[in-house]
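> Structure of the sequence below:
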Amino acid sequence: MSESIIRDPLEIERRSFRTIDAEVGPHPFDEQQWPVVRRVIHTTADFDFAGTTCFAPGVIDSAVAALRRGAKVLSDTNMVLAGVNKTRLAKLGGSIACHVADAEVAERAREQGVTRSILALRKGVVEGAKIFLIGNAPTALFELLRLADAGEVAPALVVGVPVGFVGAEESKEALFASRLPCIVCRGRKGGSAIAAAIFNQLLILAAGD
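As a prediction, this is how the structure comes out:
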């Protein structure tokens with residue numbers, strides 16, 4: 001049995017991608033979009049994402065250009081931060097931060113009676129983030145939309161894939177209607193691993209690997 005176990009991670013990935021390509025059936029994605037969706041399916045083993053993942057017009061070109069300029073990235077959770085390929089991001093001159101666990105963010109959130117995610121998002125905007133990875137917190141995504149509507153931030157990319165039953169679906173629909181350059185997974189499904197997976201595939205595209 002041990003002889004049949006595949007231990008090469010690249011071979012595991014190649015076989016997984018071939019399986020996904022064979023089983024997904026017809027889809028509407030172009031040659032830039034499909035690798036992103038396939039990466040999400042690979043991460044989740046859930047083909048539903050082929051039906052729920054949506055791209056704003058021109059979002060991949062906007063994201064790749066920003067990454068090649070060394071854009072600052074903000075994630076809403078440390079789980080997203082942990083999942084991002086920071087070596088590849090650094091080679092492009094970029095950086096990533098997550099402020100949700102910052103002590104001053106927690107203190108101000110208690111004082112104001114709002115979520116830490118809202119204040120962490122505001123801090124990232126002040127620090128000049130242009131790419132936003134929202135995998136968990138609808139409140140962070142709603143706050144980003146508010147700030148963008150007020151002209152306080154002009155994102156080059158928003159990965160909006162918060163998960164859950166309260167506000168997640170609504171925040172993603174609001175994002176997709178906003179005309180911001182975004183990638184969303186509609187519905188309740190989403191999560192930090194998906195946000196990182198989408199961003200890592202965009203890093204591959206930007207690096208030309």
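
> Give the buried residues for the strand or helix carrying residue 19.
Using DSSP states H and E, residue 19 sits in helix 9-23. Neighbour-count burial for helix 9-23, counted by 16 or more other Cβ atoms under 10 Å, picks out residue 20. Every residue, glycine included, has its C-beta placed from N, CA and C.

> Just the element for residue 26, please.
Here residue 26 is assigned to no helix or strand, by DSSP H and E.

> That one: neighbouring residues, count only.
Neighbour count of residue 26, defined by other Cβ atoms under 10 Å: 5.

> ok, now residue 113?
Residues lying near residue 113 (other Cβ under 10 Å) number 6.

> was I right about residue 158 contacting residue 129?
No: using Cβ atoms under 8 Å as the test, residue 158 is too far from residue 129 to be in contact (10.6 Å).

> Now do the helices in the protein.
9-23, 33-44, 49-52, 59-68, 78-83, 86-91, 103-112, 116-126, 138-149, 168-177, 192-207 (DSSP state H).

> can I get those in JSON lines with distance to residue 186?
Compiled in JSON lines, those are given as follows (distance: least, Cβ to Cβ, whole Å):
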{"stretch": "helix 9-23", "distance to residue 186": "20"}
{"stretch": "helix 33-44", "distance to residue 186": "12"}
{"stretch": "helix 49-52", "distance to residue 186": "5"}
{"stretch": "helix 59-68", "distance to residue 186": "15"}
{"stretch": "helix 78-83", "distance to residue 186": "19"}
{"stretch": "helix 86-91", "distance to residue 186": "27"}
{"stretch": "helix 103-112", "distance to residue 186": "28"}
{"stretch": "helix 116-126", "distance to residue 186": "20"}
{"stretch": "helix 138-149", "distance to residue 186": "13"}
{"stretch": "helix 168-177", "distance to residue 186": "6"}
{"stretch": "helix 192-207", "distance to residue 186": "12"}
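
> Select, out of those, the one closest to residue 97.
Counting by Cβ to Cβ, residue 97 lies closest to helix 116-126 out of these; the figure is 6.4 Å.

> just for the chain, where's the confidence low?
Per-residue confidence for the chain (pLDDT under 70) gives these ranges: 1-3.

> Would you mind saying which of the helices of the chain lies nearest residue 185?
helix 49-52 (5.0 Å).

> Check which residues of the closest one are buried.
Going by neighbour count (16+ other Cβ under 10 Å), the buried part of helix 49-52 is 49-50, 52.

> Neighbour count: residue 158 and residue 129, which is higher?
Ranked by neighbour count (other Cβ under 10 Å), residue 158 and residue 129 place residue 158 first, with 27 against 24.

> show me what contacts that one?
Residues near residue 158 by Cβ atoms under 8 Å, 6 or more residues apart in numbering: 131-132, 134, 141, 144, 175, 180-183.

> looking at these, which has the most residues close by?
Busiest of these [other Cβ under 10 Å] is residue 134, holding 33 neighbours.

> Which residue or residues pair with that residue through a beta bridge?
Under DSSP bridges, the beta-bridge partners of residue 134 are residue 160.

> Okay then, goodbye and thanks.
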